[in-house]
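Chemist: Got a predicted model here, sequence first, then my questions.
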Amino acid sequence: KVWDPLNRPGRSRADALRLAIDLPGCWEALSWSMTCFQGKEPPCGVCLPCLRRAEGFKEFGVPDPLLERLANDKK
């Protein structure tokens with residue numbers, strides 16, 4: 001079973017991210033989650049799941065922890 005917290009009916013993606021901050025370990029888990037249809041790191045940024053994920057973090061006003069982790073890993 002796949003659960004997509006950023007695409008839950010009746011809830012904005014920002015609402016889902018608020019929930020992720022409140023749940024212990026969930027925000028960190030987002031830094032390891034993959035939504036890209038291409039299965040690439042970094043994500044392709046053009047497939048629908050990538051666009052929805054980016055929209056959610058933009059709406060919430062915080063950077064995507066996955067992209068931050070990948071950027072820090074390259075340093």
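Modeler: Nice, I can see it.
Chemist: May I have the predicted confidence score for the closest residue to residue 30 other than its chain neighbours?
Modeler: Distance criterion CB to CB, 6 or more residues apart in numbering; nearest residue to residue 30, sequence neighbours excluded, is residue 65 at 4.9 Å. For glycine as for every other residue, the C-beta is placed from the backbone atoms N, C-alpha and C. Looking at residue 65, its pLDDT is 95.
Chemist: Check the one 10 residues further on too.
Modeler: pLDDT, residue 75: 70.
Chemist: What number of residues are in the vicinity of it?
Modeler: 4 (other CB atoms under 10 Å).
Chemist: Same check on residue 42?
Modeler: Using other CB under 10 Å: residue 42 sits among 14 other residues.
Chemist: doesn't residue 69 make contact with it?
Modeler: No: Residue 42 sits out of contact with residue 69 when judged by CB atoms under 8 Å, with a separation of 10.0 Å.
Chemist: And what about the spatially most central residue of the chain, helix, strand or coil?
Modeler: For the chain, residue 53 is the residue whose C-alpha lies nearest the centre (CA atoms, centre = their mean; 5.0 Å). Following DSSP: H, G, I helix; E, B strand; the rest coil, the label given to residue 53 is helix.
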